[in-house]
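Novice: quick one, structure for this:
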Amino acid sequence: MVKKIQNLRLMRRLHKIRKSMSTQLKLTILTALGFTLVFIGVGTFIDNQFRTVIYTNPIMRVRQPFSQNQVNQGVVGSETIDYSYLKKEKINIPNDDRVYIMYYNKSWYMFFKHGNQVSYQNIDLEHEIVESFSSRLLIIFTAAELLLLIMAIVLARANMVPIKRVLKQQRTFVADAAHEFKTPMTIIQNKLETMLEHPNDSVIEQVENVANALTEVRHLNKLTADMLKLAQADAEIAMFYFEPMDLVKVVTEINEILAVNTENRHQTLTLDLPDEVVMDGDIQRLRQLIMNLVDNAQKYAGENSEVKIVVKKGRNVVHLQVVDTGEGISEDDKQHLFDRFYRVDKSRSRASGGHGLGLSIVKWIVDGHSGTIDVSNTIPHGTTFNITLPLKQKG
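Specialist: This next block holds a predicted model:
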């Protein structure tokens, strides 16, 4: 039932992501249409205003012969002609006292009819200026619209990148989680089926199968707990409680806890610490951070290797390093080191009990403390995790 609810929540989230992608596409189309309408309106207005300015003088001339004031601000009137002549030339002027622009005898003319008389004015020059301006205006606004459309598409795609990335991460996370759960569940199932095949055996006789199944159950519990932490991190749930703490004390306690484990692995764990480093931090999360880094270093460094924890206090920050003398990490692996379920050596991860979430949790804890983390190879060989944390938390 719980699994069905989780799957339903995941499907709803994926549906929201797809819906968001569809919304982005619709917004891009609407933006393009909006720009087109705006440019058409502005372009038409500018063109009309320019025509009005250019044709003002010819209009005054063509109206002058029929004006009551024969001397109209020094404007020279146009010549007049009888309307019957124009009719013979198949020029139709339907209404009186209105200006018409027509193409006649390979030239552009402006006509004004009043009764049976028509005044006319050649406007080839003005018409050429207006048409040239209109053509240039069309080119400019078309280019501007195309440019803005391209910008809208680029911005829409840029906004889609994080959405697509989240969708891809969700799919990858589900696939990887299913794989991680499948292996221990298969082992548990096989062990239980083996035990059922021998119902008369005593517990002692089946102790190996019980122990192996219990190991896988513990692995599942840890995997589930880590996935829950990262799910809460994705949901941006506040999970940090900051208080004054001594980082050196935490590292010393971890060294004591891991002493037996270090000896069993035939490794050495050394410390390079100042007397005290008091900082604002979540003591439980920082303990988990250091434990994960040391555990990761010990797993991949191998036997007869050394893991070293270094703490140095800066002006306003504290520097924490976990150094090992292992084989180092390739540049390709560094790019994905903090990705969930990513493991450098997949052949050894199963035997070491790792599931590829430890360093993802480390990155989450560092980010929660407003710090930084990076990884580098140690000369001549080995790996160094460098963490910088502020001594004081804001707010």
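Novice: give me the sheet partners of whatever helix or strand I309 lives in and which way each runs.
Specialist: Here I309 sits within strand 306-313, counting by DSSP states H and E. In the sheet, strand 306-313 lines up against strand 268-272 (parallel), strand 317-324 (antiparallel) (DSSP bridges).
Novice: point out where the stretch 1-150 of the chain drops to low pLDDT.
Specialist: 1-25, 68-77 (pLDDT under 70).
Novice: the helices in it, which residues?
Specialist: 2-63, 83-88, 124-196 (DSSP state H, counting those that start in this stretch).
Novice: how about the CA coordinates for the shortest one, as PDB?
Specialist: Spelled out, it's helix 83-88. Extracted in PDB, the C-alpha atoms of helix 83-88 (Å, rounded to 0.1, in the frame of the first residue of the first chain):
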ATOM      1  CA  TYR A  83     -14.500  65.200 -64.300                       C
ATOM      2  CA  SER A  84     -16.000  64.000 -67.600                       C
ATOM      3  CA  TYR A  85     -12.600  63.800 -69.100                       C
ATOM      4  CA  LEU A  86     -11.400  61.600 -66.300                       C
ATOM      5  CA  LYS A  87     -14.400  59.400 -66.800                       C
ATOM      6  CA  LYS A  88     -13.300  58.800 -70.400                       C
END
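Novice: sorry, back to before: now render the helices of the stretch 1-150 of the chain as JSON lines, adding distance to S376 and mean neighbour count.
Specialist: Backbone N, C-alpha and C define where each C-beta goes, glycine included. Below are the helices of the stretch 1-150 of the chain laid out as JSON lines (distance: least, Cβ to Cβ, whole Å; neighbours: other Cβ atoms under 10 Å):
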{"stretch": "helix 2-63", "distance to S376": "35", "mean neighbour count": "13"}
{"stretch": "helix 83-88", "distance to S376": "92", "mean neighbour count": "12"}
{"stretch": "helix 124-196", "distance to S376": "26", "mean neighbour count": "14"}
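Novice: now distance to T325 too, for these, in a markdown table please.
Specialist: Rendered in a markdown table, the data for these read as follows (distance: least, Cβ to Cβ, whole Å):
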| stretch | distance to T325 |
| --- | --- |
| helix 2-63 | 42 |
| helix 83-88 | 104 |
| helix 124-196 | 29 |
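Novice: minimum distance to H381: which of those has it?
Specialist: Within these, the stretch nearest H381 is helix 124-196; the backing value is 29.9 Å (Cβ to Cβ).
Novice: the closest one packs against which elements?
Specialist: Taking 3 or more Cβ pairs under 8 Å, 6 or more residues apart in numbering; DSSP states H and E as contact, the helices and strands that helix 124-196 lies on are helix 2-63, strand 107-114, helix 207-234.
Novice: walk me through the domains of the chain.
Specialist: 165-234, 243-390 (automatic domain parsing).
Novice: okay, how far is it across the longest one, tip to tip?
Specialist: By that I understand domain 243-390. 13 Å (Cα to Cα, to the nearest Å).
Novice: circling back to that earlier point, worst average pLDDT in the domains of the chain?
Specialist: With a mean of 77, domain 165-234 has the lowest mean pLDDT of the domains of the chain.
Novice: quick one, strands of the stretch 251-395 of the chain?
Specialist: For the stretch 251-395 of the chain, strands defined by DSSP state E, counting those that start in this stretch occupy the ranges 268-272, 278-281, 306-313, 317-324, 372-377, 383-390.
Novice: tabulate those (a markdown table), appending mean neighbour count.
Specialist: Listed next are these as a markdown table, based on neighbours: other Cβ atoms under 10 Å:
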| stretch | mean neighbour count |
| --- | --- |
| strand 268-272 | 14 |
| strand 278-281 | 20 |
| strand 306-313 | 19 |
| strand 317-324 | 21 |
| strand 372-377 | 15 |
| strand 383-390 | 20 |
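Novice: quick one, which of these is nearest to N105?
Specialist: Taking the strands of the stretch 251-395 of the chain one by one with Cβ to Cβ, strand 372-377 is closest: 81.6 Å.
Novice: if you count contacts, what does that closest one end up packed against?
Specialist: Going by 3+ Cβ pairs under 8 Å, 6+ apart, strand 372-377 lies up against helix 358-368, strand 383-390.
Novice: put the alpha carbons of it into PDB.
Specialist: C-alpha atoms of strand 372-377 as PDB (Å, rounded to 0.1, in the frame of the first residue of the first chain):
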ATOM      1  CA  THR A 372      31.900  24.100  -0.200                       C
ATOM      2  CA  ILE A 373      33.400  20.700  -1.100                       C
ATOM      3  CA  ASP A 374      35.800  19.600  -3.800                       C
ATOM      4  CA  VAL A 375      38.000  16.600  -4.400                       C
ATOM      5  CA  SER A 376      41.600  16.300  -5.700                       C
ATOM      6  CA  ASN A 377      44.200  13.700  -6.200                       C
END
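Novice: chain center to that strand, what's the gap?
Specialist: Computed by Cα atoms, centre = their mean, to the nearest Å, the chain-centroid distance of strand 372-377 equals 24 Å.
Novice: one more: stretch 138-151?
Specialist: Counting by Cα atoms, centre = their mean, stretch 138-151 comes out at 27 Å from the chain centroid.
Novice: one step back: in a markdown table: the strands paired with strand 306-313, plus distance to F112.
Specialist: Output for the strands paired with strand 306-313, formatted as a markdown table (distance: least, Cβ to Cβ, whole Å):
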| stretch | distance to F112 |
| --- | --- |
| strand 268-272 | 100 |
| strand 317-324 | 85 |
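Novice: F111: which of these is closest?
Specialist: Going by Cβ to Cβ, the one of these nearest F111 is strand 317-324, 85.0 Å.
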